[in-house]
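In: Pasting the sequence and the predicted model now:
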Amino acid sequence: MVIAVFMAVFAVGILYYALGTGEAILLREHLQDAADASALSGAVMHARGMNFLVLLNIVMAALLTVLVAIKALEGLAILGVALAIAAAWFSGGSTLALIPPLNAMRQTMRSSYDAVKPPVFEALEILHKTAGIVQEIVPGTAETIMMAEAGDHGVPTARGLPWTPRQDLPVQDDGFDTLCGKAGSYAADVVTAPLEPFVGPLPLGGVASDFTSSLSSWFCGDSGDPPPAATVSRVATYFPRTDKADACANDQTPVDPQDPNATTPLCEASRKEASDGAPDSQTGACKPSVDCAPTGAYERLAATALDQCAPGGDPRPVQYTYQQRKGAVPYEWTRAGWKRLSPVYQPMTKETADRPPCGRKEDHPSIAIGYNANVHPHGDVNDIVPICTNESAPAPPGRSPSFGDRVNVPVVEIVHILGCKKYTEQKGQVSGITPAKEDGGSKSPKMILSEATLGDQNFQIRSLVSTEPPVDPAQRVVRVSMWGAAVPAAELDAGHELGTVAVAQAEYFFDGADGRPEWLWQMNWRARLVRFRIPTGDGVMDECTGACTELVDALAKYGSLFVH
């Protein structure tokens, strides 16, 4: 009976262990369902936004088709007058009788064109503004839907963190000539449609499109290329940047192009400052051969980096280089409590990481919360107040300690921020593009962003859904069956934490074989779930803000556990 009692407790523990495992599996399934639904709903919303832009483009071209048709009739009348005059030499002047009715037709078409043009242009401007509004509001609306979708799958405490790549849809203004060409193509299709049952398809749409596009000033009453676009390139910029470095970058002093080592005095001063202030590659400390005083280049650059690389800046740093030291701080028990003794440190090391080591709580620092901006408050380079430290006094002992008991507390301190990398935007004028007319630019359709490619980060939607760990009554029963033995630690702590996190990815894409020029003229935008992939560091996804930053930090923490 004694053996049976122990066996019964053990069997109950196994039963509750199975129940707890089942609940964990259900939680994971519900979380993954929420993540999948959240990501897909965001991609669907983006695809609908793109299809709506297509609809606006088509309506704009259809409105302009009215003007193209009237101008085409006017052109036929003018051509008829020219042919009547030319034929008069061979017909003895009989064809001249056709000129008055043809002129009347031309005048009628001209009057009709002048009457129809103002309301058509006004409608085009309204549709152009509507397209701009759609471009701006779709991603924000998608994020709202994604967050709502995350909490609607049987996990009451689930919280969705959407990760959309852009704050707007990846489109830009096209040229008014393109819109006029589309209107000419539609007009040709309308004219040839009744003839197709007898002679088959007539490929006149492309010819008409090119013709009306090249003569858009006459057919559509305006012309012009797209507004002068500025190339926006994301350039990796390394900090700290001093006044001398900026002066060198702006220096216009001519140098000998035949001498590869030729430089200017300003750039030579910048180069010397960077060389003297460069830290040791292993320890990150000041090199013995240079001035290491508080006014030396090393300390000046470190102070500049501490300011320029502060987390949460704009743009946000994506990589940090810093000097850290590890060690242990002994604490001794006295009648007044724990007394801190002199710490023992290991040699300093130079580290590089994608997350800030120090910062505010919302910056999600990897080492500790805090950001001390004065490392040497007393002017002594050997007197260091860390930028941040994870040191904390030991908790009161659970038993009555003896006087003189000691506890060593591991500690990591960040001594210097040595530098960081940011993605900065550099804008330049696109060569070969002339400014559009003011009217044409305000009536232009939309086209896909020039630097966007289907399948790249511009079209990817990611979602992370997390929840609080559930209160598991089965764990208490399992502990009872262990008869007081210590609960074994998890073999993979991060994997245990991932039990309350689910990620998913979707994308929106153009489902068709037509080329890039047709992507915003056919309503073939679709959405689909794809395999989750961590961004490759191309910088497109670095612009996320708000809750999105929590997803970035979560991926930085757990990214090595994803296999894809």
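Out: Yep, it's here.
In: what's the helix or strand for the residue nearest to residue 387 when sequence neighbours are not counted?
Out: Nearest non-adjacent residue to residue 387, counting by CB to CB, 6 or more residues apart in numbering: residue 414, 4.5 Å away. Quick note: C-beta positions are derived from backbone N, CA and C, even for glycine. If you go by DSSP states H and E, residue 414 is part of strand 406-429.
In: Just give the strands next to that strand in its sheet, each with its orientation.
Out: Strand 406-429 has these partner strands in its sheet, going by DSSP bridges: strand 230-239 (antiparallel), strand 319-334 (antiparallel), strand 388-389 (antiparallel).
In: So what pairs up with the residue nearest to residue 387 in the strands?
Out: Here residue 414 sits in beta bridges with residue 324, residue 388, going by DSSP bridges.
In: wait, doesn't it sit right on residue 366?
Out: No: under the contact definition of CB atoms under 8 Å, residue 414 does not touch residue 366, with a separation of 9.7 Å.
In: Which parts of the stretch 301-450 of the chain are helices?
Out: Residue ranges of the helices in the stretch 301-450 of the chain, as given by DSSP state H, counting those that start in this stretch, are 438-441.
In: Okay, now the unreliable bits of it?
Out: In the prediction, the stretch 301-450 of the chain carries residues with pLDDT under 70 at positions 396-401, 425-441.
In: returning to that earlier point: neighbours around the residue nearest to residue 387, how many?
Out: The number of residues packed around residue 414, counting by other CB atoms under 10 Å, is 27.
In: Run through the residues that contact it.
Out: If you count contacts by CB atoms under 8 Å, 6 or more residues apart in numbering, residue 414 has them with 322-324, 357-358, 367-368, 386-389.
In: Recalculate using a threshold of 6 Å.
Out: Contact analysis of residue 414 by CB atoms under 6 Å, 6 or more residues apart in numbering lists 322, 324, 357-358, 367, 386-388.
In: Looking at the strands paired with strand 406-429, which is nearest to residue 165?
Out: With CB to CB, the closest approach to residue 165 among those belongs to strand 230-239: 12.5 Å.
In: now what about whichever helix or strand comes after the closest one, what contacts it?
Out: Scanning forward in sequence from strand 230-239, with DSSP H and E defining helices and strands, the next element found is helix 243-249. Residues from elsewhere that reach helix 243-249 (CB under 6 Å, 6+ apart): 266-267, 269-270, 273.
In: looking at these, which has the most residues close by?
Out: The most crowded member of the contacts of helix 243-249 is residue 270, carrying 22 neighbours; neighbours defined as other CB under 10 Å.
In: Now name the helix or strand holding it.
Out: Taking DSSP H and E as the definition, residue 270 sits inside helix 265-276.
In: max-length helix in this structure?
Out: Selection of the longest helix in the chain by residue count, based on DSSP state H, yields helix 2-91.
In: Packing partners of it?
Out: helix 99-150, helix 176-192, strand 460-466, helix 473-481, strand 501-510, strand 525-530 (3 or more CB pairs under 6 Å, 6 or more residues apart in numbering; DSSP states H and E).
In: Check the offset of it from the chain's centre.
Out: A distance of 19 Å separates the centroid of the chain from that of helix 2-91, by CA atoms, centre = their mean, to the nearest Å.
In: related to what we said a few turns ago, give me the buried stretch members for the strand holding residue 414, please.
Out: Taking 16 or more other CB atoms under 10 Å as the neighbour-count basis, strand 406-429 is seen to contain the buried residues 407, 409, 411-423.
In: ok so, going back, of the strands paired with strand 406-429, which is nearest residue 347?
Out: Among the strands paired with strand 406-429, the nearest to residue 347 by CB to CB is strand 319-334 (7.5 Å).
In: How about residues contacting the closest one?
Out: Contacting residues not belonging to strand 319-334 are listed as 284, 338-341, 343-346, 348, 350-354, 356-357, 391, 394, 401, 405-421 [CB under 6 Å, 6+ apart].
In: picking up where we left off before, name the nearest of the contacts of residue 414 relative to residue 303.
Out: Checking the contacts of residue 414 against residue 303 by CB to CB gives residue 387 as the nearest, at 11.2 Å.
In: Now residue 304: closest residue in space that isn't a chain neighbour?
Out: With CB to CB, 6+ apart as the criterion, residue 304 has its nearest non-adjacent residue at 3.9 Å, and that residue is residue 240.
In: Likewise for residue 514?
Out: Nearest non-adjacent residue to residue 514, counting by CB to CB, 6+ apart: residue 522, 6.5 Å away.
In: How is that neighbour assigned, secondary-structure-wise?
Out: For residue 522, the secondary-structure state derived from DSSP: H, G, I helix; E, B strand; the rest coil is coil.
In: What is the neighbour count of it?
Out: Residue 522 sits with 15 neighbouring residues when counted by other CB under 10 Å.
In: Report whether residue 161 is found in a strand, as I expect.
Out: Yes: assessed by three-state DSSP, residue 161 belongs to a strand.
In: Tell me the confidence at it?
Out: At residue 161, the predicted lDDT confidence score is 75.
In: Pretty sure it sits against residue 464.
Out: Yes: with the criterion set as CB atoms under 6 Å, residue 161 and residue 464 qualify as a contacting pair; they are 4.5 Å apart.
In: May I see the domains of the chain written out as residue ranges?
Out: The record assigns the chain these domain ranges, following automatic domain parsing: 1-174+445-564, 230-429.
In: Of those, which shows the lowest average pLDDT?
Out: Among those, domain 1-174+445-564 carries the lowest mean pLDDT, at a mean of 81.
In: mind listing what the residue in the chain sticking out farthest from the centre touches?
Out: Note on the chain: the largest separation between a C-alpha and the mean C-alpha position, by CA atoms, centre = their mean, falls on residue 92 (74.1 Å). By CB under 6 Å, 6+ apart, the contact list for residue 92 is empty.
In: now it: how far from residue 103?
Out: As defined by CB to CB, to the nearest Å, residue 92 lies at a distance of 21 Å from residue 103.
In: With residue 150 instead?
Out: 69 Å.
In: When those two are compared, which one has more neighbours?
Out: Neighbour count, other CB under 10 Å: between residue 150 and residue 103, residue 150 has more, with 29 against 14.
In: For the more buried one, which non-adjacent residue is spatially closest?
Out: residue 160 (2.5 Å).
In: Surely the one you found and residue 38 touch.
Out: Yes: taking CB under 6 Å as the definition, residue 160 is a contact partner of residue 38 at 4.9 Å.
In: Find residues that contact each of those two.
Out: Common contacts of residue 160 and residue 38 (CB under 6 Å, 6+ apart): 146, 150.
In: Looking at those two, which one has more neighbours?
Out: Under the neighbour definition other CB under 10 Å, residue 160 and residue 38 were set side by side, and residue 38 has more, 33 against 28.
In: Next one: that one from residue 529, what distance?
Out: Look at residue 38 and residue 529: by CB to CB, they are 11 Å apart.
In: What is the burial count for residue 390?
Out: Taking other CB under 10 Å as the criterion, the count of residues near residue 390 is 19.
In: hmm, back to that, could you dump the strand holding residue 414 to PDB, C-alpha only?
Out: Once non-C-alpha atoms are left out, strand 406-429 reads as follows in PDB (Å, rounded to 0.1, in the frame of the first residue of the first chain):
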ATOM      1  CA  ARG A 406      29.900  36.800   1.100                       C
ATOM      2  CA  VAL A 407      28.100  36.600  -2.200                       C
ATOM      3  CA  ASN A 408      29.600  37.300  -5.600                       C
ATOM      4  CA  VAL A 409      27.200  39.100  -8.000                       C
ATOM      5  CA  PRO A 410      28.200  38.800 -11.700                       C
ATOM      6  CA  VAL A 411      28.200  42.200 -13.400                       C
ATOM      7  CA  VAL A 412      28.400  43.600 -16.900                       C
ATOM      8  CA  GLU A 413      29.200  47.300 -17.400                       C
ATOM      9  CA  ILE A 414      29.300  49.400 -20.600                       C
ATOM     10  CA  VAL A 415      32.200  51.800 -20.400                       C
ATOM     11  CA  HIS A 416      32.100  53.500 -23.800                       C
ATOM     12  CA  ILE A 417      29.900  53.700 -26.900                       C
ATOM     13  CA  LEU A 418      32.600  53.600 -29.600                       C
ATOM     14  CA  GLY A 419      30.300  54.000 -32.700                       C
ATOM     15  CA  CYS A 420      27.200  53.000 -34.500                       C
ATOM     16  CA  LYS A 421      25.700  52.500 -37.900                       C
ATOM     17  CA  LYS A 422      22.600  54.200 -39.200                       C
ATOM     18  CA  TYR A 423      20.800  54.100 -42.500                       C
ATOM     19  CA  THR A 424      20.500  57.700 -43.700                       C
ATOM     20  CA  GLU A 425      18.600  58.800 -46.800                       C
ATOM     21  CA  GLN A 426      20.400  60.600 -49.500                       C
ATOM     22  CA  LYS A 427      18.300  62.300 -52.200                       C
ATOM     23  CA  GLY A 428      19.400  63.100 -55.700                       C
ATOM     24  CA  GLN A 429      17.700  64.400 -58.800                       C
END
